[in-house]
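1. here is a sequence together with a model predicted from it:
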Amino acid sequence: MEEKILILNFGGQYDQLIARRVRECNVYSEVKPYDMTLDEIKAFNPKGIIFTGGPESVYAENSYHPAEGIFELGIPILGICYGCQLIAYHLGGSVVPASEDTAREYGRTETNLNNNCPLFAGIEPKLITWMSHGDYMAKVPQGFVLSAFSKACPNVAISNEQKKIYGVQFHPEVNHTEHGTEMIRNFLYRVCGVSGNWTMSNFMNESIEKIQNKVGDGKVLLALSGGVDSSVLAALLSKAIGRQLTCVFVDHGLMRLNEGDEVEEAFRDWDINLIRINAEKRFLDKLAGVSDPEKKRHIIGEEFIRVFEEIGKQIGSVDYLAQGTIYPDVIESGKGNADVIKSHHNVGGLPDFVDFKEIIEPLRLLFKDEVRALGRELGLSSVLVERQPFPGPGLAIRVIGEITKEKLDIVRKADFIFREEVEKAGIRDTMNQYFAALTNLRSVGVMGDGRTYDYAIALRSVVTSDFMTAEYTHIPYEVLDKVSLRIVNEVDGVNRVFYDITGKPPATVEYE
Ligand code: XMP
């Protein structure tokens, strides 16, 4: 990728969103920690640099600052919020805390733009921007001109066209800012002078070439789960190296109903070696009696690798293990150590010892929507490309507590009914993930004339853009009604159905 934009993360919450916006403008971007050295920046050779926002004040004792000399590199810079204040602070302006009633702004703010500034070219001069700042630029640095103002704040945007340095107090990357993406596009095309070569078709061709060069005539093993990432990866690798690729679909007995058959069917016409392994007993034996969610994840992650190693040995001289890791999993940020809420097994739960020459991760630079776009480019069926996410540990984390075959069968049937009714009602597009889980609550019910003492199923459905936060879906009562009736009637062992109406936070999407 020759044309790159560097996004330096100063601890803002929108770093990934900025990267995605830039890429939506067909320009490749990467997020790096704010303390990247000047030499590293030069080696990265970006066409432009974007400073993100951040939680601190620029004058706070431990606040984050960029490498010295960054403003003298001659590379265009766009500072957003805290990033804008950094520009003012370092180039001789001044930043001060806003008082209660002036200059402090949160939320939607009417803003006036100067269209002579390249950043705002062709954009309405009066619009709504999204602000979130407690400090403001009291003095604009020398050589800079003001290019936007609002009622509360006289200095909303600054520019120095000669040095190609720009700063905005508001967040152009969030949807609430009208024409925000156009502003970013202006920065990229009018200021940085990019040509816009980041397209999925370019990425596909480059990746195929890289994979071919790397792998040579070696053999590659891929764990195909049927999820979007591993399916797209299978298609990409198949195009690059054909039958040097072996896909292994491990049925760990924790899949949804008919899932194994569906995956096999989806890849039937592809020129790949596909091995389907029934490892249900093996996994369930290892999981017997385990109720701690993190233990479950680690056992499953470890067992996965053991199965692959064995298959690898059977195939003989497998050199590479391919993994569908994607960019949000690997992105480095300057935010310090966040709490581990759950260790998603393709990141946190792998055992240290992996018996292959190397792991290759051709999708590690892509965001999820880009993986889907690549899948479409490769000609994968929309059924696979648009699939909702399914966690690596599968139903193991949807049966709360100890796992048994009986409980798995219950949740499988309930989940199938839920999915079927969602499809029938035509409301699939209103939710990003939806499933049934088996709570470990048993309670008294009455069926016919008899007393029952059965499990409760929880239905979960969320709307989310990044799965970091989520809201529950407002499913029509009639649909919930049908699902509930069918589950208690058709699934033995269930006498209650709950619909979960919590968001994330405070809950998470899955139950474990
Ligand atoms: P949570 O429950 O953390 O879920 O709010 C966010 C998203 O991640 C998926 N998830 C997992 N995916 N291995 C995975 O590959 C896991 O262990 C795992 N746990 C949760 C979850 O389905 C949702 O899409």
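-> Received the coordinates, thanks.

2. ok, the one residue in the stretch 151-300 of the chain that gets nearest to the ligand - how many residues close by?
-> Ranked by CB to the nearest ligand atom, the top residue of the stretch 151-300 of the chain for proximity to the ligand is Arg297, at 5.1 Å. Glycine gets a C-beta too; all of them are placed from N, C-alpha and C. Neighbour count of Arg297, defined by other CB atoms under 10 Å: 22.

3. would you confirm that it contacts Phe304?
-> No: counting by CB atoms under 8 Å, Arg297 stays clear of Phe304, with 10.7 Å between them.

4. buried sites along the element among helices and strands of the chain having the smallest mean pLDDT?
-> Scoring the helices and strands of the chain by mean pLDDT, DSSP states H and E places helix 327-330 at the bottom, with a mean of 80. For helix 327-330, a neighbour-count test (16 or more other CB atoms under 10 Å) marks 327-329 as buried.

5. would it count as contacting the ligand?
-> No: interface with the ligand: helix 327-330 contributes nothing (CB under 6 Å from any ligand atom), its closest point being 9.2 Å away.

6. any buried residues in the helix or strand following that helix, and which?
-> Tracing the chain C-terminally past helix 327-330 and defining elements by DSSP states H and E, one meets strand 358-360 next. Using 16+ other CB under 10 Å as the test for burial, strand 358-360 gives Ile360.

7. quick one: contacts of strand 358-360?
-> With CB atoms under 8 Å, 6 or more residues apart in numbering as the contact definition, strand 358-360 has outside contacts at 211, 214-215, 220, 319-323.

8. against which helices or strands is the helix or strand containing Gly312 packed?
-> Per DSSP H and E, Gly312 falls inside helix 293-315. In this structure, helix 293-315 packs against strand 219-223, strand 245-251, strand 273-278, helix 280-287, strand 318-322, with contacts taken as 3 or more CB pairs under 8 Å, 6 or more residues apart in numbering; DSSP states H and E.

9. any chance of JSON lines for these, columns distance to Pro55, mean neighbour count and mean pLDDT?
-> Shown next, in JSON lines, are these (distance: least, CB to CB, whole Å; neighbours: other CB atoms under 10 Å; pLDDT from 0 to 100):
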{"stretch": "strand 219-223", "distance to Pro55": "38", "mean neighbour count": "22", "mean pLDDT": "92"}
{"stretch": "strand 245-251", "distance to Pro55": "42", "mean neighbour count": "23", "mean pLDDT": "93"}
{"stretch": "strand 273-278", "distance to Pro55": "47", "mean neighbour count": "15", "mean pLDDT": "93"}
{"stretch": "helix 280-287", "distance to Pro55": "41", "mean neighbour count": "16", "mean pLDDT": "98"}
{"stretch": "strand 318-322", "distance to Pro55": "38", "mean neighbour count": "22", "mean pLDDT": "90"}
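
10. now Ile403: how far from Arg276?
-> Here Ile403 is placed at a distance of 22 Å from Arg276 (CB to CB, to the nearest Å).

11. now swap in Leu127 and tell me
-> Separation of Leu127 from Arg276 (CB to CB): 55 Å.

12. which parts of the protein are helices?
-> All helices of the chain, identified by DSSP state H, fall at 15-24, 38-44, 82-90, 180-186, 200-215, 228-241, 259-266, 280-287, 293-315, 327-330, 368-378, 382-385, 405-425, 477-490.

13. please identify the deepest-packed of those helices.
-> helix 82-90 (a mean of 26; mean count of other CB atoms under 10 Å).

14. got the contact list for it?
-> By CB under 8 Å, 6+ apart, helix 82-90 touches 8, 10-12, 50-59, 65-66, 71, 77, 79, 93-95, 133, 135-137, 139-141, 157-158, 165, 167-169.

15. just the buried ones from those residues?
-> For these, buried by 16+ other CB under 10 Å: 8, 10-12, 50-54, 56-58, 66, 71, 77, 79, 93, 95, 133, 135-137, 140-141, 157-158, 165, 167-169.

16. ok now the helix holding Gly312, how far from the chain's centre?
-> 24 Å (CA atoms, centre = their mean, to the nearest Å).

17. and what of stretch 20-37?
-> Between the centre of stretch 20-37 and the centre of its host chain there is 15 Å, according to CA atoms, centre = their mean.

18. with just CA atoms, put it into CSV.
-> Only the C-alpha atoms of stretch 20-37 are listed here, as CSV (Å, rounded to 0.1, in the frame of the first residue of the first chain):
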residue,chain,number,x,y,z
ARG,A,20,-12.8,3.6,8.8
ARG,A,21,-13.9,6.9,7.5
VAL,A,22,-10.5,7.4,5.8
ARG,A,23,-10.8,4.0,4.2
GLU,A,24,-14.3,4.7,3.1
CYS,A,25,-12.7,7.5,1.1
ASN,A,26,-10.6,4.8,-0.6
VAL,A,27,-7.4,5.7,1.3
TYR,A,28,-5.6,3.1,3.4
SER,A,29,-5.1,4.1,7.0
GLU,A,30,-3.6,2.6,10.2
VAL,A,31,-4.0,3.6,13.8
LYS,A,32,-0.8,3.8,15.8
PRO,A,33,0.0,4.8,19.4
TYR,A,34,0.7,8.5,19.9
ASP,A,35,4.3,7.9,21.0
MET,A,36,5.4,6.6,17.6
THR,A,37,9.0,8.0,17.1
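
19. so where's the stretch 51-200 of the chain shaky on pLDDT?
-> Applying pLDDT under 70 to the stretch 51-200 of the chain flags the ranges 99-104.

20. what residue is smack in the middle of the chain?
-> Pro328 (4.7 Å; CA atoms, centre = their mean).

21. what sits against that residue?
-> Contacts of Pro328 by CB under 8 Å, 6+ apart are 16, 367-368, 466.

22. go again using 10 Å as the cut-off
-> Residues in contact with Pro328 (CB atoms under 10 Å, 6 or more residues apart in numbering) are 16, 19-20, 31, 366-368, 466-468.

23. now do Gly143
-> Gly143 neighbours (CB under 10 Å, 6+ apart): 91-92, 158-163, 165.

24. from those, which land in strands?
-> Cross-referencing these against strands under DSSP state E gives 158-160, 165.

25. in JSON lines: the residues you listed, plus distance to His474.
-> Formatted as JSON lines, these follow (distance: CB to CB, whole Å):
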{"residue": "Ile158", "distance to His474": "43"}
{"residue": "Ser159", "distance to His474": "44"}
{"residue": "Asn160", "distance to His474": "48"}
{"residue": "Ile165", "distance to His474": "45"}
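
26. you'd agree Lys214 is up against Ala240?
-> Yes: under the criterion of CB atoms under 10 Å, Lys214 makes contact with Ala240 at 9.5 Å.

27. need the residues touching each of those two.
-> Jointly contacting Lys214 and Ala240 under the rule CB under 10 Å, 6+ apart are 220, 362.

28. outline the domain layout of this protein.
-> Residue ranges for the domains of the chain, per automatic domain parsing: 4-191, 200-385, 400-500.

29. and Thr508, which of those domains is closest to it?
-> Proximity to Thr508 (CB to CB) singles out domain 200-385 among the domains of the chain, at 6.6 Å.

30. and the closest one, how far from the chain's centre?
-> With CA atoms, centre = their mean as the basis, domain 200-385 stands 16 Å off its chain's centre.
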